[in-house]
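> Build me a model:
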Amino acid sequence: MKYLNITIGPVQGYVSQARRTRDFWSGSFILSYLSGCAIYGASKAGGRILEPKIEGDHLFNLITLVKEEGEVNVDATDLIGSIPNRIKIECEEPVSVAKAAKEEFDKSWYEIADMVWNKYVKESEQYGLHTDKIWDRQVGSFWEFNWTMGGQNTIEERKNWRSQNKPDEGGDHCSLMSDYQEISGHVRFRKKYREKQDEFWNSIREGVGELDLKDDERLCAISFVKRFFPRISKKIIGVDLTSDQWPSTVYMAAIPWLRNLEKNHEDYFGLVKSARKGAVSPKIPELVGLKDNDNLAKLDGNFFFKNMIESKDSTPLDDEILRSEILEMLNKIYREEKCKPAPYYALLKMDGDSLGKMKSNNIDKISTISDTLAKFSKSVPGIIRENNGVTIYAGGDDVLAMLPMDRALKCSRELYQNYLTSFSDIDLDSKATISAGLVYSHYHQPIQSILDKASYLLDEIAKEKNGRDSIAISVIKGSGEYIRCVHNWGENAGVVDNIMDSVGRFESEGLLSSSMMYSVRDSFSLLGDIHNWKPGDDMEFVSDSDLDMEKLLVADAIRSGEGSADREKISGAIKTIVDLCKKKENIFSIDTWFLIHFLAGNMKGVKE
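Numbering: from 1, shown residues only. Down below sits the predicted model:
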């Protein structure tokens, strides 16, 4: 028997280049689906799939049903990208198995692309300039399908060859994937060409609607397929994955507020429903685990934020007369609930530590390790939904999810503990750990940049800089990065518990306050160079053996108006924070202090 290794890409460049959560999910799902199709082709040609473990995988079972029985109907609730793009196969004829895998991969990709072309582009081709040639060039040259025979190291070496020569891309470029030409073929540098380009895209827009293609969006073939794959998913995989099933970043930000509403506000639901067709997304509450008897949670997330409703571009209405009435009623809800939603959500990315080394050091347990990773990945969507999040990808040791800000730390801790528990019964040469990059972002920030930040936090900060078994956290406001800190998880992810405990004391116990926060900041400015500080910097204070940071902060708390609180409780609360922030003697991470204050002020919304 011989071994065949396959990798499919590009990954980061394809998945992360997105403007909407649907683009984000769709790119991840298509890559996972095509990897599953390659596995199907290889298995039919006599290959025995060693990695990933596909037995019982929801997506692979669906692929098998579609390939062998035609169109099927299945539950889409747990349908996510779950098949990794790295495949290891045992077989007698690696060349023929690799060819069969590639053939099934290509067949499945062209089936998707052709269906999107025929349904949404073909009729508008008459307004384009060589649109068909641009489409065929991009669809035919995008994917990198690499394979080798031998050990895992051979595929790593093969990936370093840049043997694929990409065609030159001229003309005006895609709004999402800037390396690729948009498909109209026209350029905008002269008025008559600009008019022709607009004519092409207006024709496309008439067929798909302005909500799915904004006025400023001009897409390449790859981005176009990614955007409109959910619309043809029923024909491809037997599952309807239309846009009303995927929450926006705005909706994710509103979840803590929605969960804590004391009334149903049916009158507001009825008003919005009458003002815009398509404002109701009935499947989203189920997707994120919210109670389905509250109609308000079925509305488009834009209708929970005043500034989004005020913008006609962001929130178009069928009946403009009702816009002021909607705003007035939303203000009334804010007053009645004494709270409005905070504009932040969280993006979580996790990845197992040193998995390749683990496998090479435990060669006799590779099958058990693969089984364990499959078990872990199957548990991920349930954990994320219990925390009102949505899983974008969960395959092997990789996790990518959007979460409401008040549950993001809790969810990351539960995933970490679940990963460790999954490996607890396997006798390995070292402990199995997983690291995380967690970004709290304002919903206005481009989702592509937030994924890039999460990847940076995970790879460069949690793993490389902090030595793995870590969680790196950032807060991105409208003005840019506000906070960045990193911690080892600690025993039973104790560092997350301590952060959450400190947030709770700020939020509900009344022991810590904003005035204390600013008082402490003033003390920091005297003791350290806070003026030159930037997110991620540790602060070094004056070297003085008599300096007791804990006592200093307790004094700040009392001076800033906390004197009525129990001094012993204040001291206990501050000791927890000092332990979190202190790296070593006189070295302090002020970011963690700011993080606790930020979370406490936004967890359940903003008080009116």
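
> Helix or strand for Lys235, just tell me which one.
When elements are assigned from DSSP states H and E, Lys235 belongs to helix 221-237.

> I'd like the next helix or strand past that helix.
Note on helix 221-237: by DSSP H and E, the next helix or strand toward the C-terminus is helix 249-259.

> Only the buried residues of that next one, if you could.
Buried residues in helix 249-259, counting neighbours by 16 or more other CB atoms under 10 Å, are found at 249-259. In this view, the C-beta of every residue, glycine as well, is placed from N, C-alpha and C.

> In a markdown table: those residues, plus distance to Arg413 and pLDDT.
Listed next are the buried residues of helix 249-259 as a markdown table, based on distance: CB to CB, whole Å; pLDDT from 0 to 100:
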| residue | distance to Arg413 | pLDDT |
| --- | --- | --- |
| Thr249 | 23 | 95 |
| Val250 | 26 | 96 |
| Tyr251 | 24 | 96 |
| Met252 | 19 | 97 |
| Ala253 | 21 | 97 |
| Ala254 | 23 | 97 |
| Ile255 | 18 | 96 |
| Pro256 | 17 | 95 |
| Trp257 | 23 | 95 |
| Leu258 | 23 | 94 |
| Arg259 | 19 | 93 |
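
> Could you dump those residues into CSV with distance to Phe200 added?
Converted to CSV, those look like this (distance: CB to CB, whole Å):
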residue, distance to Phe200
Thr249, 29
Val250, 30
Tyr251, 32
Met252, 34
Ala253, 35
Ala254, 36
Ile255, 39
Pro256, 43
Trp257, 41
Leu258, 40
Arg259, 44
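
> Ala436: which of the residues you listed is nearest?
Taking CB to CB as the measure, Ala436 lies nearest Met252 of these, at 17.7 Å.

> Would you mind confirming that the closest one makes contact with Met402?
Yes. Here Met252 lies in contact with Met402, judged by CB atoms under 8 Å, at a distance of 5.2 Å.

> ok so, going back, now the helix holding Lys235, how far from the centre of its chain.
Taking CA atoms, centre = their mean, to the nearest Å, one finds the center of helix 221-237 at 19 Å from the center of the full chain.

> Ok, stretch 199-218 next?
26 Å.

> buried set for it?
Residues of stretch 199-218 classed as buried by neighbour count (16+ other CB under 10 Å): 200-201, 203-205, 208, 212-213, 217-218.

> tell me the helices in the stretch 501-608 of the chain, going along the chain?
Applying DSSP state H, counting those that start in this stretch to the stretch 501-608 of the chain gives helices spanning 514-527, 549-557, 567-581, 590-602.

> nearest to Val97, of these?
Each of the helices of the stretch 501-608 of the chain has some distance to Val97 by CB to CB; the shortest is helix 590-602, at 49.8 Å.

> distance between that closest one and the chain's centre?
Remark: helix 590-602 is offset 22 Å from the chain centroid, using CA atoms, centre = their mean.

> what inclination does that helix have with respect to helix 549-557?
40 degrees (axes from the mean of the first three to the mean of the last three CA atoms, to 10 degrees).

> Check which helices and strands helix 590-602 is in contact with.
Applying 3 or more CB pairs under 8 Å, 6 or more residues apart in numbering; DSSP states H and E, we find helix 590-602 packed against strand 470-477, strand 480-488, helix 494-504, helix 514-527, helix 567-581.

> Taking helix 494-504 as reference, get the angle to it.
Going by the same axes, to 10 degrees, helix 590-602 is angled at 50 degrees with respect to helix 494-504.

> Please identify the buried residues of helix 590-602?
Counting neighbours by 16+ other CB under 10 Å, helix 590-602 gives 590-600, 602 as buried.

> same thing with stretch 267-287?
268-269, 271-273, 275-276, 279-281, 283-285, 287.

> what about the nearest residue to Asn361 once chain neighbours are set aside, how many neighbours?
Closest residue to Asn361 apart from its sequence neighbours, by CB to CB, 6 or more residues apart in numbering: Asp429 at 4.8 Å. Neighbourhood size, Asp429 [other CB atoms under 10 Å]: 9.

> how about the strands of the stretch 51-200 of the chain, start to end?
For the stretch 51-200 of the chain, the strands defined by DSSP state E, counting those that start in this stretch cover 86-91, 144-149.

> deepest of the ones you listed, which one?
Neighbour counts averaged per stretch over these are highest for strand 86-91, at a mean of 21; criterion: mean count of other CB atoms under 10 Å.

> And for Met402, the neighbour number?
28.

> Are we agreed that it is in a strand?
Yes. With DSSP: H, G, I helix; E, B strand; the rest coil as the criterion, Met402 is located in a strand.
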